[in-house]
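[1] Fold the following, please.
(chains A and B)
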Amino acid sequence: MLRIVAYRKAILAGAGGALVWEAVLRTLMLLGFHSFDIVRELGTLALPDGTAAEWWPAGIAAHAAVGAIWALFYAYFFWARFDWPPALQGLAFAALPAALAALLIYPQLRLMHMRQDVTQLDWRMFLTGLEQTRLGGLLLGHALFGLTVGAIYTHPVGYPATRKCSTPPNSRRPPNYNGTRVPADGRFIFATGIECSYPTTEHGRWRRDEMAATGHYRRWREDFELAREVGVTHIRYGPPLHLIFTGPGQYDWQWSDEPLQELERFGPEPIIDLCHFGVPTWLENFQNPEIADALAEYAGAFAKRYPWVRFYTPVNEMYVCARMSALDGRWNEELCDEGAFVRAVVNLASASIHMTSTILAARPDAVLINSESSEFYQPCCPDDDIQQTAKFENERRFLPLDLIYSHDVSPHMRDHLREQGVDDEQFAWFMASKPPRRTVLGLDYYEWNERLVSGDRRARALGELFGWYVIASQYWERYRRTLMHTETNRADAGDASRWLWRQWHNVQLLRSTGVPIIGFTWYSLTDQIDWNRGIEKPLGIIDPVGLFDLNRDPREVGLSYKHLIDAHRDRAGYRDCKAVKEVIG
Amino acid sequence: MAIFLSAHGYDPGPTQRPLIAGALSGVIATVPAVAILHLFGSLGVEASILRISELITIAAGVPLMALAGAVYGYVFGRAANDVRGGWLFGMAFGFALWAGGAVMVLPLASGGQTPAGEAAIGLILSLVAWGAALGAVHPFIHRPLHESIESAAKRSEVGPSAAASKNGHGPRRDLTSPREFP
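    Residues are numbered from 1 along each chain as shown, chains lettered A, B, ... in the order given. Sure thing, here's the model as predicted:
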C-alpha cells in the first residue's frame, strides 16, 4: 500500500474536475473559441454518427471516468509530495495528463476516428500536434481539472471531530481458534501494539484516528492473528476513548466488546491504553481540569466491564502529549505556551492518579504500566544559555512522572511550577499520593529521543547517541521502579532489523546489571500513518515502521522479532522472569 | 515513481515471490484482454500487421504478458499486494505498455503499419483491461505463494547478526526533526 487514499473523495474530485473543464470550455466554445473538444472526441468514438444529444452524455461520462482514474492516480502518487497549497499541487500534477494528451492521446484519437482497420503511420501526426488555439483549450481544460482535483482532494484520513466515525469494528474474517491467551504467569513480556492515537488537529475540528486509518476496525481479527503468529505474549491496545466515552456516564462499548472478547479467549494478553493523545470532543482538550474526574469515571467503567483485563496504561506518554498539545502547538489545544504546558501536565498526571484509583477499585491486582517517552537533551557547547536550556529540558522531561510518582522536583522547577500557577496545596497533593505497588515505568525509545540543543537553541534529533541503556538508567536512578521497554521502531524499514536487535541488546545489558525489567516492545504491529510528521497534517502518508505493512504482509523486522522471541522465550530468566513475578505476585 | 516506491520500504517483502506471482497474474489477465481484442477485431488486425495467424499472435502474447507481469511484480513490490489500489497500479502499467508497445514498437516492427479505427480502440482497451486485471488478481495470487513466517523467521540474516550494519555505514537515513524551544 502506498498511501491511504480516500476513494470517494478522489472519484468525486476527478469527476468534478471533468465537469468544471466541460462547463468552462463548452461556454467558451459556444462563444466562438476554437478549442480541443475532449467530450466530443470521446463521445463520437462510441457513437460516430450520433447527434450531439447522443454523443454528449457518452462523452461526458467517459471523460468523468477518465478524470476519476487520474484523480486516484494523483491521490496515490502525487498528493502531499510537496508542501504546497492543495489546488497548486493539483495544478502541477495536471501537467502530466496534459503532456500525455497533447503528445500521445490526441494523435491516437485521430487514428481511432479513422474508418479503416490499418493505416500507414505518418510520423508528422506526432510532430505537428495540435494547432495553437486547440492546444490552448486542452491546456486550459487540464489546468481547470488540476485545480479542481487539488482543491477537492484534501484530508484523506480522519474525520470531522463532531462527526462519529462511521465504521465500528466489523471484521468479516471468521474467528480463527488459533492460540489461547496465556494469562500473566511470570514469563518475560514480548509485546507489540496497535497504533491507536486519536488527537484532534485544526483547532479541534479534525479528528485523527490511527485505528481507522490503518484499517484496524475492519481487520482487527486478522491483526490479532498476526500478533499471535509472531509469538508476542502481550499487545498494547487502546480502544478508542473518543468513540466509546460519548458523555458523562454514557458509553458505546461496540467499539471494544468484540475485539476484547477475542483477546480474552485467544490472546495475546492486552495492555490497555485508556487515553492515547486525545479526549472525546465533549471534554475539549487537556487544558480542561475536568478531564481527571471524567477519565477516572471511564477507567472505572472499563475495568468493571472487562474484569479479566489486568494490565493498564492509564495515560500514554504524558510528557509527549502535553508537549505536542500545549508547547509545540500541534494537537488538541494547539497552544505554544509554558503555562498551558504545565496545566496539561498537571491535568494528565491528575487523571493518571485518579484513573489508577478507579481501576484498582475494580481490579485490586491490576498492573499499571506508565508508558513515557525516554528523552535526553545534550548541550552542543559550553555556552551558559545552552547549558541551562539543556538542564531545564532534562528536568522537565521528568515532570509528569515526578507528579504521579510523588518525586520531589528541584527548587528551580518548583519555582517554575509556582510561576505557572501550580500552588503549594496542589503540589502537595501530588507528593502525598503514593503510587501503588504494582506500578511499572514503561520507557519508549526512538531515534529522535536524544536531542542536541544547538547554538540556535533548537533541539535536533541526534539518533542513538547514548542509547536506551544510558537513558533508561537515568530514569531508573530517579524512580527505582520496575521498568518495561514499551515502544520502539525505526522509520527506515531497511534498517529496522538492525535497530530491533540493538534495542534488545540494550535491554539485556540493563537487565544484567540487576535492574528489574519485565518486557520489551516493538511498536507497532502494522505500519502507521503520518507519524513522520507527528500526525499534525492529515496526509495519509504511510510510515513503514510495522512488523507488517498495511496489506498485512510481513516486513523483515517482523521476521527478526519472531526470531528473537523464539530464541529467548523458553530460556531460563525469560520463562521464569523474577521481575514479572514480583510485579504480578 | 520507482524512487517513491523504494523510499517508503516498498521493496518486495521478505516472504514474497514477486516474479512468479506477477507472471501468473499476467497470464490470467490475458483472458479479458484477448476477449476485448477479439470483440473489437483488433486481434485479426494485429495478426495481419505482423503477418502471422491469430493463434500464433495469442501464443506469442501469453509469454510476453507473463514476462510483463513479472516485471510488474518486481517493480511494484509490496504495492502490488494492495487489494484496493492494485487495479489502478496495474492499469497504469498496462497504459505504459500500450504507449511503449502498441504505439511505438508495433509500428516500428511492421514498417509503420498500425491499427486504426475500432481496432485501435480495442488495442488500448485490451491493454488497460489487462493491466487492471493483472493488478486486481495479483494480491490474491501472491498470498498462497508466500513463504510462511515460521520458516522465513529462521533465516540467519534476520537473526542476531542483523544487529551489525549491513553495509558497515550505519543507518541509511539522515535524521532531521528540529524542534524549537519556546
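[2] Quick check: phi and psi at the residue of chain A found nearest chain B.
    In chain A, the residue found nearest to chain B is A:Ala493; the distance is 2.9 Å by Cβ to the nearest Cβ. To be clear about C-beta, it is placed using only N, CA and C from the backbone, and glycine gets the same treatment. Here is the backbone geometry of A:Ala493 (degrees, to the nearest 10): phi -60, psi -30.
[3] And A:Thr521, by the same measure?
    phi -140, psi 130.
[4] Return the residues in contact with it.
    A:Ile189, A:Phe190, A:Ala191, A:Thr192, A:Gly193, A:Arg236, A:Met484, A:His485, A:Thr486, A:Glu487, A:Thr488 (Cβ atoms under 8 Å, 6 or more residues apart in numbering or on different chains).
[5] so where's the chain shaky on pLDDT?
    This is for chain A. Low-confidence segments of chain A, defined by pLDDT under 70: A:1, A:123-130, A:165-166, A:171-179, A:184.
[6] that's the other chain; I wanted chain B
    For chain B, applying pLDDT under 70 flags the ranges B:1-10, B:165-182.
[7] ok, now which ones touch B:Gly94?
    B:Gly94 makes contacts with B:Leu127, B:Val128, B:Ala129, B:Trp130, B:Gly131, B:Ala132, B:Leu134, as judged by Cβ under 8 Å, 6+ apart.
[8] biggest helix in chain B by residues?
    Ranked by number of residues, the top helix in chain B under DSSP state H is helix B:117-145.
[9] sorry, back to before: now render the contacts of A:Thr521 as JSON lines, adding distance to chain B.
    Shown next, in JSON lines, are the contacts of A:Thr521 (distance: Cβ to the nearest Cβ, whole Å):
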{"residue": "A:Ile189", "distance to chain B": "19"}
{"residue": "A:Phe190", "distance to chain B": "13"}
{"residue": "A:Ala191", "distance to chain B": "17"}
{"residue": "A:Thr192", "distance to chain B": "14"}
{"residue": "A:Gly193", "distance to chain B": "19"}
{"residue": "A:Arg236", "distance to chain B": "21"}
{"residue": "A:Met484", "distance to chain B": "21"}
{"residue": "A:His485", "distance to chain B": "16"}
{"residue": "A:Thr486", "distance to chain B": "21"}
{"residue": "A:Glu487", "distance to chain B": "16"}
{"residue": "A:Thr488", "distance to chain B": "14"}
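[10] Out of those residues, list just those in strands.
    A:Ile189, A:Phe190, A:Ala191, A:Thr192, A:Gly193, A:Arg236, A:Met484, A:His485, A:Thr486, A:Glu487 (DSSP state E).
[11] in a strand, that's where A:Gln254 is, yeah?
    No: under DSSP: H, G, I helix; E, B strand; the rest coil, A:Gln254 falls outside any strand and is assigned helix.
[12] in terms of contact, does it touch A:Asn170 like I think?
    No: applying Cβ atoms under 8 Å as the test, A:Gln254 and A:Asn170 come out as separate, 9.4 Å apart.
[13] Return the residues in contact with the residue positioned nearest the centre of chain B.
    Taking Cα atoms, centre = their mean as the criterion, B:Tyr72 is the residue nearest the geometric centre of chain B, at 1.8 Å. If you count contacts by Cβ under 8 Å, 6+ apart, B:Tyr72 has them with B:Gly22, B:Ser25, B:Gly26, B:Ala80, B:Phe89, B:Gly90, B:Phe93, B:Leu134, B:Gly135, B:His138.
[14] No further questions, thank you.
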